[in-house]
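Q: Just need the structure, nothing else, for what follows:
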Amino acid sequence: MKKNKILVFNISTDSDNTSLGFAIDWLNELSEYYDEVDVVTLNKGKSHLLKENINIYTHESVNLNKIKKFISLRKTIKSLLISNEYRFCLAHMTTALLLVSSTIFKFRKIQSILWYTHKGPTSIVKRIVLYLGAIISDLIITASKNSFPLKFKKVTPIGHAINFKTFFRSKVNHEVKDFLIISRVSRSKNLDESIQGFLDSNYGDSQNITIVGGPLTQQDEVYENYLLDKYSIYSNIKFVGSVRHTELNKFIDKSGFHINNTPEGFYDKSVLETLSSGVINFYSNSEYDKNTHPNYIDNLKFDSTKNDLSEKINAVYELENSMLLEIIKFSQDKVKQESLETLHQRILKVI
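A: As a prediction, this is how the structure comes out:
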């Protein structure tokens, strides 16, 4: 039954964004339970796929500097809180918005929930903002036990919320297909080691590997240029850049294996989305153990180095088809628990 309204803060409502396009699905799912969902976003983008009972608010102009943008957004938030009664406010990766509106929340007695899933900011200023935002929020939810970088008792891991129905593919056979990496192009994602590990395997010549994703920062751009230059001579390595989140399936469907080489603290949605599709994942982060058949963790989990990845790839290619299907079925059953359909229930359980 629908009841009242909720307020959501987020980074982007742009359906074209590779990393953040999932926000559209999140908002549409939450809107099923409320009369209206008011969204204050830092970047509006293409949001035509949102349902009618979702209202988008953003800053006055894209030309404003950061300080003026937050002043503009604070005015909007204040106006919304005065004019509406909200069941709660969910701030997704937008700690700064919680900070600038904290006094209004306290006065209006609105419960605030911070959702933050990341290894954590490296700059001192951003880390302070995260710390202060964590203090003032009533609750903190995150994807996994290590995906919130600070120690607070009010942190509860609830998993991700992937569009399982969209990504799911029933598998009756696992054909040997190409490799895939869906990731932000960043040194922290260890893409160089992953690509080299693929090339050094027995199948680095006969199969292709596609890297989907782009850089976010200037440092990322430097790293991307390094990778493009280093691997320009290989015709079976394709960098396609950022694509719409809604178009990920056309790359996933052509792949049999996905590589994720992130360290502890990351819990990437791309792993869950590819697992949903029946794509087998090689990974180095223990956070994904729970989504992997216990009999095959040693086959798929590597120590982040290119040499160990190559050995794992060689060994998995030798597994029988029935074993590969056993890996896929187990992962799909586990990942389904982190589907969009269970998101609202998991949030309410924490509240």
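Q: Show me the shaky parts of the stretch 51-200 of the chain.
A: For the stretch 51-200 of the chain, applying pLDDT under 70 flags the ranges 62-63.
Q: can you give me the strands for it?
A: Using DSSP state E, counting those that start in this stretch, the strands found in the stretch 51-200 of the chain span residues 54-57, 86-92, 112-115, 139-142, 155-157, 178-182.
Q: The helix or strand containing residue 42 vs strand 86-92, what angle?
A: Counting by DSSP states H and E, the secondary-structure element that holds residue 42 is strand 36-43. Strand 36-43 and strand 86-92 meet at an angle of 30 degrees, taking axes from the mean of the first three to the mean of the last three Cα atoms, to 10 degrees as the criterion.
Q: Am I right that residue 324 is in contact with residue 280?
A: Yes - taking Cβ atoms under 8 Å as the contact criterion, residue 324 and residue 280 are neighbours in contact, 6.6 Å apart. Where C-beta positions appear, they are placed from N, C-alpha and C, glycine not excepted.
Q: Need the overlap of contacts for the two.
A: Residues touching both residue 324 and residue 280 (Cβ atoms under 8 Å, 6 or more residues apart in numbering) are 174, 316.
Q: on that earlier part again, name the residues that touch the strand holding residue 42?
A: 5-14, 27, 30-31, 53-59, 69, 73, 76-77, 80, 84, 86, 94, 97.
Q: mind saving the C-alpha coords of it as CSV?
A: Presented in CSV, the C-alpha positions along strand 36-43 are these (Å, rounded to 0.1, in the frame of the first residue of the first chain):
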residue,chain,number,x,y,z
GLU,A,36,5.4,10.5,-4.5
VAL,A,37,9.2,10.4,-4.5
ASP,A,38,11.0,13.7,-4.4
VAL,A,39,14.6,13.5,-5.7
VAL,A,40,17.2,16.2,-5.1
THR,A,41,20.0,15.3,-7.5
LEU,A,42,23.4,16.8,-8.3
ASN,A,43,23.1,15.9,-12.0
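Q: List the contacts of the closest residue to residue 93 other than its chain neighbours.
A: In space, residue 93 comes closest to residue 11 once its chain neighbours are excluded; the distance is 5.4 Å by Cβ to Cβ, 6 or more residues apart in numbering. Applying Cβ under 8 Å, 6+ apart, one finds that residue 11 lies in contact with 20, 23, 41, 42, 43, 92, 93, 94.
Q: and residue 11, that's in a strand?
A: Yes - per DSSP: H, G, I helix; E, B strand; the rest coil, residue 11 lies within a strand segment.
Q: quick one: it from residue 119, how far?
A: Between residue 11 and residue 119 the distance is 16 Å, computed by Cβ to Cβ, to the nearest Å.
Q: if we can go back for a sec, possible to save the strands of the stretch 51-200 of the chain as a markdown table with distance to residue 228 and mean neighbour count?
A: Below are the strands of the stretch 51-200 of the chain laid out as a markdown table (distance: least, Cβ to Cβ, whole Å; neighbours: other Cβ atoms under 10 Å):
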| stretch | distance to residue 228 | mean neighbour count |
| --- | --- | --- |
| strand 54-57 | 35 | 16 |
| strand 86-92 | 32 | 22 |
| strand 112-115 | 34 | 24 |
| strand 139-142 | 33 | 21 |
| strand 155-157 | 36 | 17 |
| strand 178-182 | 14 | 24 |
